[in-house]
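>>> Below: sequence and its predicted model.
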Amino acid sequence: MSLIEAENLSKQYISGEITIDALKDLSFVIGPASFISFVGPSGSGKTTLLNLIGCLDTPTSGVLRVSGTDVSQLGGKSAADFRGKNIGFIFQDFNLIPVLSVYENVEYPLLMVQNTPAGERQSRVLSLLDSVGMIEQKDKYPGQISGGQKQRVAVARALVTRPKLVLADEPTANLDHKTAYMVINIMKKMKDESGISFIFSTHDQKVVGEAEIIYTLEDGELAGKSAKGGARHV
Amino acid sequence: MFNLMRIAIRNLMRYKRRTFLTASLITMGVVFVLVFIALSGSFKHMMVSQITDSFLGHIQIHQKGYVASIDTLPLTKSMGTQAVRKVKEAINDVPEIEAYSMRIKFGGMFSNFVETANVRLNGVYPEEEIKTVPLFPERIMEGKKGITKGEILVPELLAKGMKVKIGDMIVVVATNKDGSVNGKQFKVGGILESATGPGGRDGYIHIDDALEVLRMDEVQISEIALRINNFVNLNAVHTKLNNIFLKELNKAGKPVFEVHTWEQLSPFYNIARMIDLMTFSIKLMLIAIVLISIMNVMIMAVYERVREIGTIAAIGTLPKKILSMFLIEGFSLGVLGALIGNVIGISIIYILNISRITFDFGRQTGLVLEPTVNFTDIFTISTIVIMVSVLASLQPAFKASRMEPIKALRHV
């Protein structure tokens, strides 16, 4: 069974009298436990596509199914509910909550979104912090750790709810190459351990190489798909 | 709820100076209101006590129509023996009434054998009068603290004007209700301090002497002053008495008696109402201070944390939880301000009490200010502050909860 199915997915933005086609008739299928990268130049539609998959935005036309649910019509509360149960997010700027410690940031979705019991919460948070190598820094605040460490915490936060899918929009854009590589490897390791799919967008060609499947977007259209070590399809 | 509270407090601590300034503003407002309520309440209570406990009583009963023509002290509108008996029977059945005093009030001529002046007099039973208006003896500036047969307590201004002193003999001449004039010699037994309000400049004699001057065969009472055991129940007792006496009708089917509280008899009631109005205005100012300061700080908080709101919304936090998060922030600020304000306010009131500040009111000097604030006032002020804090946070919190995560995440 596929995790994501997109059929003729389009998204238009209207800016004054100008209509911008951000995505044009995209159709693709992504299976579970995948490690997918969307690449393309700025304005190619990567962020728009991730926003649609993440139920943060709705398509203008087409059908988008995530984990069997047609998310193209989900709004407000039901979209938030769906995100809380099925999707984890990793942001370019890490977006950790500055008043919460590393531990509390990872704990937040369990506490405020899923209402997980305290015992289970603690074991999940500590286990993930251990996996991403942040257990020693659990009592520190975001202002006291480096960018790479923040992104590792963000990975743990995205995974703590055991979502079916983690979306990462330019997760390495604000990191140096070595740290970016390390964060991608952690994501990959987590995918292998948990079976959760990761979809990320990036500009960084060296990081792209770590993806199992790479989708290339150009001007809102799917320009190509290539598998790691495999043939390139257009 | 605990977790929301914890996050709210952490967010408030994020901008310590701003939180401190806002809480200080609320604190100052609460302190100001509490101290004002305590001071004005003390002043009002003292003034009301002075009026009711030194001459007026809490409630007065008259024959219907007496109060309308009270300036002329009409003897024709006195209560006869039968009416007095009915009133006594009725008030004896009201447990809230602690004491009562029957008075014959009349106007006459006061002569020191050289000069003559007008005088208003009360004929009273001394023991009843002192039980009903316990501060009455304190008004006797000179002479013994009581009313003796054959003696008169002369109001101080009259004594000064007529140059009479303790032990002097004077004559009181009065016309009775049948129109005949009679006079009686009295010894000046005391000089009575003037008091603010109706009857505050009257002289006093024993009721038996009044009967003699007015040549009354049987006691005819102008007014019955009542003292109730708990002043807080004034209106309830008034209503109760009204209900009793409204049933007493004359042959024409109209009520025989009328019952008035001190508020209906003394012009000071208007001053008391003005004090209440000022207290209300001060409370409104407090509401405005809290409303504006909290709303300002919460709007800033939402504006500064747009991306953060976008993040928590993106990871699945429901709008109602985001709303609660900001409401609790406003609530916490209100609680903090109210709490500190109450502590400081009560401390200031305590200091004012131990400082024994004195003030003068009219001719009364050296009155000690005893500001007090009761639990109801503290509870009311705190509730107002907290409710207004939550109300002021509502709009910013609603805005935060309705933010589209995609737009919020793009916010720079």
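Arrived safely, thanks for sending.
>>> Neighbours of the residue in the stretch 101-250 of chain B that chain A sits nearest to, how many?
Closest contact between the stretch 101-250 of chain B and chain A, by CB to the nearest CB, is at residue B:232 (48.4 Å). No exception for glycine: its C-beta is placed from N, CA and C like everyone else's. Counted with other CB atoms under 10 Å in any protein chain shown, the neighbours of residue B:232 add up to 7.
>>> What of residue B:130?
Other residues near residue B:130 number 18, with proximity taken as other CB under 10 Å.
>>> Chain B contacts on chain A?
Counting by CB under 8 Å from any CB of the partner chain, the residues of chain A close to chain B are A:51, A:54, A:56-57, A:76-77, A:80-81, A:83-85, A:87-89, A:91, A:93, A:95, A:97-100, A:108-109, A:111-114, A:157-158, A:161.
>>> 7 Å instead?
Neighbours of chain B within chain A, by CB under 7 Å from any CB of the partner chain: A:51, A:56-57, A:76-77, A:80-81, A:83-84, A:89, A:91, A:95, A:97, A:99, A:109, A:111-113.
>>> So which of these are in strands?
The strands, defined by DSSP state E, take in residue A:89 from these.
>>> which of the residues of chain A next to chain B count as buried?
A:51, A:56-57, A:80, A:83-84, A:89, A:91, A:95, A:97, A:99, A:109, A:111-113 (16 or more other CB atoms under 10 Å in any protein chain shown).
>>> Between all of those, which two are separated the most?
By the measure CB to CB, A:57 and A:99 form the most distant pair in these, at 28.1 Å.
>>> Skipping adjacent residues, who's closest to residue B:206 in space?
Closest residue in space to residue B:206, ignoring its immediate chain neighbours: residue B:149 at 4.5 Å, by CB to CB, 6 or more residues apart in numbering or on different chains.
>>> And residue B:44, by the same measure?
What sits nearest to residue B:44 in space, not counting adjacent residues and going by CB to CB, 6+ apart, is residue B:275, at 4.9 Å.
>>> what do you get for residue B:129?
Leaving out its chain neighbours, the residue that sits closest to residue B:129 by CB to CB, 6+ apart is residue B:101, at 4.5 Å.
>>> check contacts around the one you found.
Shown in contact with residue B:101 (CB atoms under 7 Å, 6 or more residues apart in numbering or on different chains): B:57, B:124-125, B:128-129, B:132, B:225.
>>> how about the residue of the stretch 301-412 of chain B found nearest chain A, phi and psi?
The nearest approach of the stretch 301-412 of chain B to chain A comes at residue B:316, 2.3 Å away (CB to the nearest CB). When read as degrees, to the nearest 10, the backbone of residue B:316 gives phi 110, psi 10.
>>> do you know how far it is from residue A:56?
Distance check for residue B:316 against residue A:56: by CB to CB, to the nearest Å, it reads 11 Å.
>>> Can you spell out which residues form a bridge with the residue positioned nearest the centre of chain A?
In chain A, the C-alpha nearest the mean C-alpha coordinate belongs to residue A:167, at 1.0 Å (CA atoms, centre = their mean). Bridge pairing for residue A:167 (DSSP bridges) gives the partners residue A:89, residue A:199.
>>> need the contact list for it.
If you count contacts by CB under 7 Å, 6+ apart, residue A:167 has them with A:50, A:53-54, A:87, A:89, A:199.
>>> residue boundaries of the helices in chain A?
Counting by DSSP state H, chain A has helices at residues A:46-53, A:76-86, A:102-108, A:118-131, A:147-159, A:177-194, A:205-208.
>>> Output the set of residues of the stretch 301-412 of chain B in proximity to chain A.
Checking the stretch 301-412 of chain B against chain A by CB under 7 Å from any CB, the hits are B:307-308, B:311, B:313-319, B:321, B:405-406.
>>> pLDDT, neighbour count and secondary structure added to the residues you listed, as JSON lines?
Below are those laid out as JSON lines (pLDDT from 0 to 100; neighbours: other CB atoms under 10 Å in any protein chain shown; DSSP: H, G, I helix; E, B strand; the rest coil):
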{"residue": "B:307", "pLDDT": "90", "neighbour count": "17", "secondary structure": "helix"}
{"residue": "B:308", "pLDDT": "90", "neighbour count": "20", "secondary structure": "helix"}
{"residue": "B:311", "pLDDT": "92", "neighbour count": "24", "secondary structure": "helix"}
{"residue": "B:313", "pLDDT": "91", "neighbour count": "27", "secondary structure": "helix"}
{"residue": "B:314", "pLDDT": "91", "neighbour count": "25", "secondary structure": "helix"}
{"residue": "B:315", "pLDDT": "89", "neighbour count": "25", "secondary structure": "coil"}
{"residue": "B:316", "pLDDT": "90", "neighbour count": "26", "secondary structure": "coil"}
{"residue": "B:317", "pLDDT": "89", "neighbour count": "22", "secondary structure": "coil"}
{"residue": "B:318", "pLDDT": "90", "neighbour count": "18", "secondary structure": "coil"}
{"residue": "B:319", "pLDDT": "90", "neighbour count": "16", "secondary structure": "helix"}
{"residue": "B:321", "pLDDT": "91", "neighbour count": "17", "secondary structure": "helix"}
{"residue": "B:405", "pLDDT": "88", "neighbour count": "26", "secondary structure": "helix"}
{"residue": "B:406", "pLDDT": "86", "neighbour count": "19", "secondary structure": "helix"}
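>>> Where do the domain boundaries of chain B fall?
Using automatic domain parsing, the domain parsing of chain B gives B:2-51+B:270-410, B:65-255.
>>> Kindly reformat these as CSV and extend each row with distance to residue A:127.
Formatted as CSV, the domains of chain B follow (distance: least, CB to CB, whole Å):
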stretch, distance to residue A:127
domain B:2-51+B:270-410, 19
domain B:65-255, 64
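>>> So which of those domains is nearest residue A:135?
Closest approach to residue A:135 among these is made by domain B:2-51+B:270-410 (21.6 Å; CB to CB).
>>> measure the closest one end to end?
30 Å (CA to CA, to the nearest Å).
>>> Can you give the distance from it to the centre of its chain?
Distance, stretch centre to chain centre, for domain B:2-51+B:270-410: 26 Å (CA atoms, centre = their mean, to the nearest Å).
>>> burial measure for the closest residue to residue A:189 other than its chain neighbours, as a count.
Among residues not flanking residue A:189 along the chain, residue A:131 sits closest, at 7.5 Å (CB to CB, 6+ apart). Close neighbours of residue A:131, defined as other CB under 10 Å, add up to 18.
>>> follow-up on the earlier one: make sure the residue nearest to residue B:206 is actually in contact with residue B:205.
No: at 8.5 Å, residue B:149 and residue B:205 do not qualify as touching, with contact defined as CB atoms under 7 Å.
>>> Can you pick out the residue with more neighbours from these two?
Set residue B:149 next to residue B:205 and count neighbours by other CB under 10 Å: residue B:205 wins out with 26 against 13.
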